[in-house]
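Undergrad: What would the 3D arrangement of this be:
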Amino acid sequence: MVTLIIGGSGSGKSDYAEEYAVSRSGGGKRYYIATMRAGDRESLDKIARHRKARSGKGFITVEQPVSVEKAAEKTERFAKNEKTALLECISNLTANEMFSGEKPEPAGRTADRIVWGIGRLCRDFGNTVIVTNNVFEDGNRYGAATEAYMKAMGDINRRLAAMADEVIEVTAGIPAVIKGRKRDADR
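TA: Here you go, the predicted model:
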């Protein structure tokens, strides 16, 4: 089962995704695949907040800021149906993949690589919960690099929504099912 959870910054999507992944995992192993790089005080603070929020929930953290498909190699060898992955989050992964070199990778190539990597990752987990940001809410125009990033995010989000069994949008902490079964979002 693949679930995509989308929302704006500060929408409550991460908290919801953690609870959702716990409910999906039953007694199986839970892996939190972290994509944020700790580059400044703000990112360090955000990482600390996320660690605190998920403490006591049984997640094993796998740091994977690029090449997300490799995260499965860092998990224990259990049957697929005994493993749940929570991938947090696509916006960080996209930025890391796109802007790690001397010049930005093209949006299409970045999107292809990420969607392929997530497809590979999903094969190793019975449940994969993917968190992503809605980056198109403000309607502003940006510089070329940011516009390319937003184009990649839009492409990735559309393709992940198509491959997902469920898509849930979280607004102000309230989940709304976009695709899939309503009763699952009410948990």
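
Undergrad: longest helix of the chain?
TA: Longest helix in the chain, counting residues (DSSP state H): helix 144-163.

Undergrad: Okay, buried residues for it please.
TA: Residues of helix 144-163 classed as buried: 148-149, 151-153, 155-157, 159-161 (neighbour count, 16 or more other CB atoms under 10 Å). In short, each C-beta sits where N, CA and C put it, glycine included.

Undergrad: can those residues go into TSV with extra columns for distance to Ala176 and pLDDT?
TA: As requested, the buried residues of helix 144-163 are arranged in TSV below (distance: CB to CB, whole Å; pLDDT from 0 to 100):
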residue	distance to Ala176	pLDDT
Ala148	29	94
Tyr149	26	94
Lys151	25	94
Ala152	25	96
Met153	20	96
Asp155	23	97
Ile156	21	98
Asn157	16	97
Arg159	21	98
Leu160	17	98
Ala161	14	97
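
Undergrad: right, and out of those residues, which lies closest to Ala85?
TA: Leu160 (13.6 Å; CB to CB).

Undergrad: Excluding chain neighbours, what is closest to that closest one?
TA: Nearest residue to Leu160, sequence neighbours excluded (CB to CB, 6 or more residues apart in numbering): Leu4, at 5.1 Å.

Undergrad: One more: Gly12?
TA: Counting by CB to CB, 6+ apart, Gly12 lies nearest to Gly173, which is 3.5 Å off, once chain neighbours are set aside.
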